[in-house]
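Q: Predicted structure and sequence below. I'll ask about it afterward.
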Amino acid sequence: MVEQYLKWKLFLVITILAYSVHGQNNFKIIGDFTNLDGVKKIELCVKDKKGKLYPLSEANVTNGKFVLEGEIQYEGKYNIRVIPENQKFENITIYVEKRTLNYKGELSLFPLYYVEGSHYAHKVYAIHKTPIYQNQKQRLNELNNLAKLNDKQKIEREDLEFELFLAQRENYKWWPPEHPSHEFALINHYVLEREMDKAKEMITKIKKAYKNHPQINALQHTVQFIKSYTSGKTEAQTTFVGKQITNLIASNKNGEEQNLLEVVKSNKIVLVDFWASWCGPCRKEFPHLRQLYDEFKDKGFEIFSVSIDEKEENWIKALEEEQISWIGVILPKGVNARIVKRYKINAVPFSLIIDANQKIIAQETSITELKNILKTHLE
């Protein structure tokens, strides 16, 4: 404990020195937000490589109003933390410049920021003033305020979050080429365009050029995404389409054995879906799968869900929460199961689509691709 405390203190001292090396780099944020009921204090933070936040400045909040001020080395996006901590305020950032900025609006993961006094921040958040962004944001708030969402509403919320995420990404073209934010925005552009080699090259360049920049450690998530994306493409997308499916016999929640080949023989198309209760992307797919299952189950479509959970109780709880009505089994050996190694599954969700001839006709398909396959084969 003492060693961890000393390491934390050392990191904090180094961080503060790094961000206050130039006395003239003063910043001030005058905030006035409508959704800070119950928030007593707000902090402007930097994030370390493990995702832990360290405050550079803090201020009391009164009726949604506060003033943060201090010294920074680089302009850019810094993390916000509120006290008492609240999950709805996690992963929030705000653009800070070496001058006084007035921020009004709503503080959230998908915010509404109206900025005055900036050179760049008003451009970063210009999209917030457009009717389409405001309407999407209003509808998202309405959905989040509902006690329980049905599948259609869950899908709508997911689509809105994705649209708002895309809307918020900065356009690298209007940043001056010499400005660090130009290169950070360029990374996002490369990743969204799936130009991963260019993204990796830019990340290497940025890490060398801007060692203390507040957005450096946030790149860890981008690096992990690139790794998972490229490894998935090289290992999982190459060899299994056209091959016969390997049989799998495993138990459902009632202890009854389910035989994959028998299920395939009884249907025209079977989706074999590998997932886990702790996998957020897996569970986000379930509302879409439920809709497709209801639409095509009477036409020869079946889903064979395979959990790699280590704890059976977590799997059963997730089955109940997701109201899964199709076949669901759990692998006793989890990630060490023979079939996991057979198909080189290094991440979930992972899926195989099987036809009536027991052949794999597609793998790792999107919901849209799956729907097109079902329409082609079953309609």
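A: Thanks, I have it.
Q: After the helix or strand bottoming out on mean pLDDT in the chain, heading C-terminal, what element do we hit next?
A: Least confident helix or strand, the chain: helix 2-19 with a mean of 42, by mean pLDDT, DSSP states H and E. Using DSSP states H and E, the helix or strand that follows helix 2-19 towards the C-terminus is strand 26-33.
Q: Now the element after that following strand, going C-ward?
A: strand 41-47.
Q: Show me what the next helix or strand after that following strand pairs with in its sheet, parallel or antiparallel.
A: Next helix or strand after strand 41-47 toward the C-terminus (DSSP H and E): strand 53-60. Counting by DSSP bridges, the strands paired with strand 53-60 are strand 41-47 (antiparallel).
Q: Quick check: buried residues in the partner strand?
A: Within strand 41-47, the residues scored as buried using 16 or more other C-beta atoms under 10 Å are Ile42, Glu43, Leu44, Cys45, Val46, Lys47. Every C-beta, even on glycine, is put in place using the N, C-alpha and C of the backbone.
Q: For Asn35, state which of those residues is nearest.
A: Checking the buried residues of strand 41-47 against Asn35 with C-beta to C-beta, the nearest one is Ile42 at 12.3 Å.
Q: Check what pLDDT that closest one gets.
A: The confidence metric pLDDT takes the value 97 at Ile42.
Q: from what I can see it touches Val82, true?
A: Yes: with contact defined as C-beta atoms under 8 Å, Ile42 reaches Val82; the gap is 5.4 Å.
Q: care to break the chain down by domain?
A: With domains defined by automatic domain parsing, the chain comprises 1-117, 249-378.
Q: Pick out the shakiest of the ones you listed, pLDDT-wise.
A: domain 1-117 (a mean of 82).
Q: so how far is it from its chain's centroid?
A: 22 Å (C-alpha atoms, centre = their mean, to the nearest Å).
Q: Tell me where the stretch 51-200 of the chain has strands.
A: For the stretch 51-200 of the chain, the strands defined by DSSP state E, counting those that start in this stretch cover 53-60, 65-71, 76-83, 92-96, 100-106, 112-116.
Q: and the angle from the first one to strand 76-83?
A: The reference is to strand 53-60. 70 degrees (axes from the mean of the first three to the mean of the last three C-alpha atoms, to 10 degrees).
Q: buried residues in strand 53-60?
A: Buried-residue list, strand 53-60, by 16+ other C-beta under 10 Å: Leu53, Tyr54, Pro55, Leu56, Ser57, Ala59.
Q: what residues does the helix or strand Leu319 falls within touch?
A: Using DSSP H and E, Leu319 maps to helix 312-322. Helix 312-322 has contacts (C-beta atoms under 8 Å, 6 or more residues apart in numbering) with Lys253, Ala276, Ser277, Trp278, Arg283, Phe286, Ser307, Asp309, Gly328, Ile330.
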